[in-house]
Structure formats: C-alpha cells, structure tokens
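# Next come a sequence and a model predicted from it.
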Amino acid sequence: MYGPFQKAKKALRGGAALVMALLLCAAMTPGAAAVTADGTSARMLVPVGHTVGIKLFARGVMVVKAPESGTPADDCGLQSGDIIVKCGGVSVTSTEQFQALLQENGETATDLQVRREGESMTLSVSPEQNQAGAYCIGAWIRDSMAGIGTMTYYDPDSGAFGALGHGITDTDTALLMPFASGSILPSTVKAVKKGAVGDAGELRGDFDLSCDLGDLSANTASGIFGTLDPGEFTERLGNPMPVAAAAEVHAGPATILSNVEGDSVEEYDIEILQVVEDSADGRDLVISVTDPELLAATGGIVQGMSGSPILQDGRFAGAVTHVLLNDPSKGYGILMETMLEAGENTA
C-alpha cells in the first residue's frame, strides 16, 4: 500500500473501520480527487515515515551557556540564547569564522550585533588572550546541529517535504536554532534504545554525509521543511492520500508509519486519546501506542520517531511529536493542517 519502504503488517487489527480505511486508501491513485466533510477538495500528500539524517546550520552563532563571571562575554552582557550575527560589522557564518574575526581584532573593543528574543542589539566586547595566546571572549557557542528524525510527508507535485512536526532546538538552551541552511540525508536504523519511565529511548542509525536527498528551507516550531531532489528515494515512496481537516480528526483508533528497524517502514496501531483545542506547541493530539510489536521493539515512542505520520479513517491526520517521560507508550502529535500551515508560511 505504501511502496517498498512501507511493508504491510502480517496481521491487521482494529475492526471493520480500519479495514474500510485501508480499502479506501488502496483504491486511490496519485491523481484521484478527495473531498472533505464540508465538500471541499482535500490536499493530497504522500505519508513517508522513513528516517532521514538532518544537517542544520544556524544563522550566526548561538551562545549556549551563560558566560562565567569576569569573562569579556559576561562583562559585555552576553546571555545564554543570544545569537551573534555580526562581529565588527562582518556577518558571522560559523564558530571558526567568528574565532578568526576575534583574532583579527585582537584586544580592540569590538561591536557584536546580537539577536535576543527577536530583538536586535549591539554589545561592545573586549577580547582577552588565553594561555595559548588566542583572543577569546569566554562564551560557549554553537553553529550547527545534526541527527536523525522522521520525514512526515512528500508532495509529488511540488517536491516539498515536511519532517519532525516540531522544530530543531539547541540541546543546551532549548531554543529554536536560527536557520541559515541545511539538508536531508539517507538514513538506516541500526539499533533502538527502548524507552522507560523517566528515560526517553532513541533510534540509533547511520546517515550518509556524502549524499543529500534534498535541501532544508525552514526550521519552525511546527516542523522542518524543504524540497526533495527527484531520485531513488522519491521513486520508492507510495501514493498520496487526502489530508484530514482538523474537524475530521477524532478520538479513536488510528495508525502510525514508523521506521524503527533497518530500511523498512511499518504501520502500527495507536489510539488518539484526545484532540486538544487551541494548542500552540505541537501538542494537538494525545496519543497512545497500542501495537504489541512496536511496544516490544521500542517501548512506545522514542526520539527519532518524531514526524511519524498519523493516519485515521483513510486520511492523513497528523504526525507524532513528543513522548511522555513518565509513560513512553504515550505522547503527543501535531495536526497535519497545523504542520502544513507552518510550512506554507515559510514559502
């Protein structure tokens, strides 16, 4: 039903409603029309569910720890979470380039253009030499992130994709990484660390740094977005299915597509426990994993599964986003409508 990436399960569970949903989905072709409950045409997207490697480069460099007292960074007022975008009037593109700019300026007081909570400000810093003779300001900074996540959807008409269902945040500050550029890479799951109470599990895998599948264009609170290059990866994806309107998603049985072993994507049973109204943080849905195979393999939801498509009643309802640390079998999801709106706002 979903192509070579997505193998059919040996046994289907969930009753007549699920069987009907599968039959309706199997009957659709890429050009088939779909209609929502209010009679309007539904958008058609391919649910993916395959892991991908993700490289993201920040716009500027982020201060990831509060500067220690008495350092130039502390004296000039830098704070954890600040984004240094210019040094001495020159745009900052990486940690290495920023360090080079400091060496050029030496002990001379230098203006830093900084973004803090969306506001721009200018700070003056006077670097000091360390024991090795290098000029520094005493700030821990970061310019990029890399890891594994799950691709949610692919639009064969435009080549656009969305993944994760939440943004990529800095591990130290928990702030959204300011986006400059990035790419998506092929990935294979090698092992799983099962989730346990108080300890989030994770997918562990490899990704090929020498081969890009496509480019990132945005990092938002509702997902990362970009465009896939036509090729073997896109050719192996399945057929589009209609996106569910928010009003069509309801508490009850559903499934997710996830890649938790090797290169295969499987369909697993879940339950949508609640649709949360007026949610603004990627927690539109409260979900529970009910599939014994997935529970045995992962313990429920683990890191790396974010972005796994949620399907209900033959429609593309949303994506997995978070796990509950006190119960890894439960977590949250984002409505597909919400995720798509975020992607379209970045276009």
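Received it, and whenever you're ready, just let me know what you need. No experiment lies behind these values; they were computed from the predicted model shown. Residues are numbered from 1 along each chain as shown.
# Pretty sure Asp143 sits in a strand.
Yes - under DSSP: H, G, I helix; E, B strand; the rest coil, Asp143 falls within a strand.
# Need the nearest residue in space to Gln129, chain neighbours excluded.
Sequence neighbours aside, Tyr135 is the residue nearest to Gln129 in space, at 5.7 Å (criterion: C-beta to C-beta, 6 or more residues apart in numbering). In this view, the C-beta of every residue, glycine as well, is placed from N, C-alpha and C.
# Would you mind measuring from that neighbour to Gln103?
Applying C-beta to C-beta, to the nearest Å, the value for Tyr135 to Gln103 is 6 Å.
# and if you look at Gly205?
Using C-beta to C-beta, one obtains 38 Å as the distance from Gly205 to Gln103.
# what about these two, which has more around it?
Neighbour tally, Gly205 and Gln103, criterion other C-beta atoms under 10 Å: the higher count belongs to Gly205, 22 against 12.
# Any idea what that one is bridged to?
Beta-bridge pairing of Gly205 under DSSP bridges involves Val189.
# From Tyr135, how far out is Cys87?
For Cys87, the distance to Tyr135 - C-beta to C-beta - is 12 Å.
# Mutual contacts of these two, please.
Common contacts of Cys87 and Tyr135 (C-beta atoms under 8 Å, 6 or more residues apart in numbering): Leu102, Asn105.
# Let me know how buried Gln303 is, in neighbour terms.
Counted with other C-beta under 10 Å, the neighbours of Gln303 add up to 17.
# can you tell me which residues contact the closest residue to it other than its chain neighbours?
Taking C-beta to C-beta, 6+ apart, and ignoring the residues beside it in sequence, Gln303 has Glu202 as its nearest neighbour in space, at 4.0 Å. Neighbouring residues of Glu202 by C-beta under 8 Å, 6+ apart: Val192, Lys193, Val302, Gln303, Gly304.
# that older thread, if you count what's nearby, which of Cys87 and Tyr135 comes out ahead?
Neighbours were tallied for Cys87 and for Tyr135 using other C-beta under 10 Å; the higher tally belongs to Cys87 (24 against 20).
# mind checking pLDDT for that one?
At Cys87, the predicted lDDT confidence score is 95.
# correct me, but it touches Thr95?
No - contact between Cys87 and Thr95 fails when scored by C-beta atoms under 8 Å: they sit 11.6 Å apart.
# So for those two, which residues contact both of them?
Common neighbours of Cys87 and Thr95 are not found (criterion: C-beta under 8 Å, 6+ apart).
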